[in-house]
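>>> Provided below are the primary sequence and the corresponding predicted coordinates.
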Amino acid sequence: MKLVNNVIAGMAVSALAATVAQASTLEDVKAAGELKCVVSTGLAGFATPNADGKWEGFDVEFCRAVAAAVLGDGEKVKFIPATTKNRFTVLNSGEGDILFRNTTETMSRDTDLKLTFLPVNYYDGQGFMVPTALGVTSAKDLDGASICIQTGTTTELNLADFFRKNGISYEPVPIETNEEAFANYSGGRCDVYTTDASGLAATRIKFDNPSDHVILSEIISKEPLGGAVRHGDDQWADIGKWVVNALINAEELGINQSNVQDLAAASGDNPSVNRLLGTEGEFGAMIGLDSQWATRAIAQGGNYGEIFERNIGSDSPLNIARGLNALWTNGGILYAAPAR
Amino acid sequence: MSNKLYVPGTHPDLPPPSNTVGVINWLKTNLFSSPTNTFVTLVCLLFLTQLLPPMFNWLFIDAAYGGNSRQECVAQGSGACWAFISERLNLFVYGFYPIEERWRINLAFCLLLVTLAAVLWDRIPARKYFLAYACIFPFIATWLLIGGLGLTEVPTSDFGGLMLTLVIGVTGISFSLPLGVLLALGRQSELPIIRVFCISFIEFMRGVPLITLLFVASNMLSYFLPPGTNFDLLLRVLIMVTLFASAYMAEVIRGGLQAIPKGQIEAADSLGLKYWSTMRLIILPQALKISIPGIVNTFIGLYKDTTLVIIIGLMDPLGIGRASLADPAWLGLSIEVYIFVAIFFFLCCFSMSRYSLYLEDKLVTEHKH
């Protein structure tokens, strides 16, 4: 059995190596004329098809921004919906060029699964939702509560850690899917539902009267979500990394969808803006693109703040607060390296 | 009353006695024939009166048919929100197929109906020509759906929804039957190589879950194929689904083959028929007729198994439904989506099942008791 495993692993690795050695991903993408972007098969606010079959969402907009930077057109994206089970294989086997699929960056994924993570585009974390009527204000008041929890996830382990650390007890109600959790929680089979905070926000607005339920402020785990590419093509990883950074920097520098073309038309007073938008220096050439790469990426869907508010923030039904995902200048931890 | 005399054999049919016909009598014999049956009937009636009115209200009376978001739906009625389904109907039917090319799917579907009529109904006029057409239909349909030769090419990754289910279902069904027949015959072959091959193939396919095969098709193959080869994902899935179903089909048909008395083969031998003629003219018609329920059972199973393709990221109606459920404007409408998808699958599977009954009825050659 060991031998068979080794042979299979060896074949997989050599096939992979051959794929990578063949040509750079950038050239492949340009030759194909479209960016193959791995997204979720459906996650509220992050990736979902609209009535015309066009993909929309927070993760989707990052795909489009990369396509705009590389190919000049944010519509030239082929979305590859992937489940949690096959997302990394799709990426590693070359069926996808880049992955934006609410994926938590972890050490084992970064190293063992041979992914290169792009900068974090959403800081998530595990939270709790309770009925407002319970009058609970802190997760530490939840002693003895029954908690709906998805089995086999990191959230299950985080929950056990949290309660052990605080010396309180809970009664787990194991469930399989989000839908099931909603049914159990709204049917009163459990007092508390716990999952990632973004998922809680999406679950909360399913209630006819969302204000009957409150999401506690405690976040008990770190879930930094980010895009990813395969190991072995640093140029391609750089492109993904700097597109994300460009969108975050754009918000910090006050560049948005409506003023980006004006700012990019001629070099202005702010050298940081000039460098990002290509009116000063040759930063596009450093990642194998032209000087307008960031301008196109920002023009596609706006800066990070605009993408956030439109898809999951205050302009969307999800109404998730910026919280940790605010710029470092606004009390969040979003801090992108400068383009210089 | 005069007793008219008839010549023997010319007496007209008389109506049945009045105590064996009529609604009351039907109720008496079917629903209230014994105290137990009466009790069961009453309990069922009670359940139905409790269950049906709220269900009907929820489905139709209180349902909302218009609106652009769940909020608007809720404002209109407390029942089901069908506005969501009608807004998403095109997505459910066509998947991600380009909007301006969707007429091709409609056309292919109409052609499919004609083909089905020709294949399934033997009283269609000029059936010979229709059957010839049915043989070239797969090529026409492939051309229409994929494009090329004058039509815009549409990548199969844009396939989705009911149309994807039909593509996988119809392809799987039409190819698994002949393959299954060959495998079943091969399993009984006297040539060891063929027999061993067929047995190992059938046992392997039946021993592995379909999900595993789909995973192999979608993930493992890309590692093993030479880099740069682009082996279409949908094609891989079609092949896997067909092979999987054909293994089951082979066993169903083997059951039919074994039910044929040995005398039939001997009779064919004594007529001097060769192996293939024996099979084609004598054995298979009888064996297939016996196997109809099992064959259709396999078809229905295969058709429903197509929902598994969501695991490898293909969007069948269920996948489209789940993805649509994540639309922030429509969150929380899972019941409507699942009912809609269930109705679609029920209609398809129920028609298959009815057709098999019709076929069994039509092919009866024994005396009916």
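It's in. Residues are numbered from 1 along each chain as shown, chains lettered A, B, ... in the order given.
>>> Every contact and neighbour count from this point should use C-alpha atoms.
Noted.
>>> Just the helices from chain A, written as ranges.
A:2-22, A:25-32, A:58-71, A:87-92, A:107-111, A:154-165, A:178-186, A:197-204, A:234-253, A:260-265, A:271-277, A:283-286, A:293-301, A:304-311 (DSSP state H).
>>> Show residues contacting the second one.
By that I understand helix A:25-32. A:Leu35, A:Lys36, A:Val70, A:Leu71, A:Asp97, A:Asp233, A:Gln235, A:Trp236 (CA atoms under 8 Å, 6 or more residues apart in numbering or on different chains).
>>> cutoff 6 Å now
Residues from elsewhere that reach helix A:25-32, judged by CA atoms under 6 Å, 6 or more residues apart in numbering or on different chains: A:Leu35.
>>> May I see the buried residues of that helix?
For helix A:25-32, burial by neighbour count (16 or more other CA atoms under 10 Å in any protein chain shown) applies to A:Thr25, A:Leu26, A:Val29.
>>> Buried residues, the helix or strand encompassing B:Ile343. List them.
Using DSSP states H and E, the element containing B:Ile343 is helix B:334-362. Residues of helix B:334-362 classed as buried: B:Ser334, B:Glu336, B:Val337, B:Phe340, B:Val341, B:Phe345, B:Cys349, B:Met352, B:Ser353, B:Ser356, B:Leu359, B:Glu360 (neighbour count, 16+ other CA under 10 Å).
>>> how many neighbours does A:Ile219 have?
The number of residues packed near A:Ile219 is 16, by other CA atoms under 10 Å in any protein chain shown.
>>> Spatially nearest residue to it, not counting backbone neighbours?
Distances taken as CA to CA, 6 or more residues apart in numbering or on different chains place A:Gly127 nearest to A:Ile219, at 4.9 Å, with adjacent residues excluded.
>>> what does chain B have sitting close to chain A?
Residues of chain B lying close to chain A by CA under 6 Å from any CA of the partner chain are B:88, B:91, B:96, B:222-223, B:227, B:313, B:323, B:326-328, B:331-332.
>>> so which of those comes closest to A:Thr195?
B:Ala326 (16.0 Å; CA to CA).
>>> Quick check, pLDDT for that closest one.
As summarised for this prediction, B:Ala326 has a pLDDT of 84.
>>> Kindly report the same for the one 10 residues further on.
On pLDDT, B:Glu336 comes in at 90.
>>> burial measure for the closest residue to it other than its chain neighbours, as a count.
Excluding its sequence neighbours, the residue lying closest to B:Glu336 (CA to CA, 6+ apart) is B:Ala80, at 6.5 Å. B:Ala80 has 22 neighbouring residues, counting by other CA under 10 Å.
>>> Measure how far stretch B:46-54 is from the centre of its chain, please.
Taking the mean of its C-alpha atoms, stretch B:46-54 sits 31 Å from the chain's own mean (CA atoms, centre = their mean, to the nearest Å).
>>> ok, which stretches of the stretch 201-350 of chain B are helices?
B:210-215, B:221-224, B:233-258, B:262-270, B:275-277, B:284-305, B:317-325, B:334-362 (DSSP state H, counting those that start in this stretch).
>>> For the fourth one, buried residues please.
This means helix B:262-270. So for helix B:262-270, counting by 16+ other CA under 10 Å, buried means B:Ile265, B:Ala268.
>>> what's next to that helix, contact-wise?
In contact with helix B:262-270 (CA under 6 Å, 6+ apart) are residues B:Thr278.
>>> Any idea how far it is from the middle of the chain?
35 Å.
>>> so that helix versus helix B:284-305, what angle?
120 degrees (axes from the mean of the first three to the mean of the last three CA atoms, to 10 degrees).
>>> average pLDDT for helix B:262-270?
The average pLDDT for helix B:262-270 rounds to 92.
>>> just to revisit the earlier point, quick check: strands, which of the residues of chain B next to chain A are part of them?
The strands, defined by DSSP state E, take in nothing from those.
>>> Just give me the least confident of those residues.
Among these, B:Pro227 has the lowest pLDDT, at 63.
>>> nearest residue to the closest residue to chain B within the stretch 101-250 of chain A other than its sequence neighbours?
Residue nearest to chain B within the stretch 101-250 of chain A: A:Lys206 (4.6 Å; CA to the nearest CA). Leaving aside its sequence neighbours, A:Lys206 sits nearest to B:Gly332 (CA to CA, 6+ apart; 4.6 Å).
>>> The one you found and B:Phe60, how far apart?
19 Å (CA to CA, to the nearest Å).
>>> Specify which residue of these two has the higher count of neighbours.
B:Gly332 (22 against 15).
>>> quick one: low-confidence parts of chain A?
Applying pLDDT under 70 to chain A flags residues A:1-22, A:152.
>>> residues from it in reach of chain B?
Checking chain A against chain B by CA under 6 Å from any CA, the hits are A:12, A:15, A:19, A:41-45, A:48, A:51, A:53, A:81-82, A:93, A:206, A:317.
>>> Among those residues, name the ones in strands.
Per DSSP E, these map to strands at A:Thr48, A:Pro81, A:Ala82.
>>> By neighbours, which of the residues you listed wins?
Top of these by neighbour count (other CA under 10 Å): A:Thr48, with 29 neighbours.
>>> and the closest residue to that one other than its chain neighbours, what is it in contact with?
Spatially, and ignoring its direct neighbours in sequence, A:Thr48 is nearest to A:Gly42 (4.8 Å; CA to CA, 6+ apart). Contacts for A:Gly42 (CA under 6 Å, 6+ apart) come out as A:Thr48, B:Ala323, B:Ala326.
>>> Would you mind giving those as CSV with distance to A:Ile312 added?
Shown next, in CSV, are the contacts of A:Gly42 (distance: CA to CA, whole Å):
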residue, distance to A:Ile312
A:Thr48, 12
B:Ala323, 16
B:Ala326, 12
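>>> Can you report how many residues lie near B:Ile85?
19.
>>> host element of it?
Going by DSSP H and E, B:Ile85 is part of helix B:82-94.
>>> Just the buried positions in that helix, please.
Across helix B:82-94, burial judged by 16+ other CA under 10 Å covers B:Trp82, B:Ala83, B:Phe84, B:Ile85, B:Glu87, B:Arg88, B:Leu89, B:Asn90, B:Leu91, B:Phe92, B:Val93, B:Tyr94.
>>> Same check on stretch B:56-76?
Buried residues in stretch B:56-76, counted by 16+ other CA under 10 Å: B:58-59, B:62-65, B:67, B:69-70, B:72-74, B:76.
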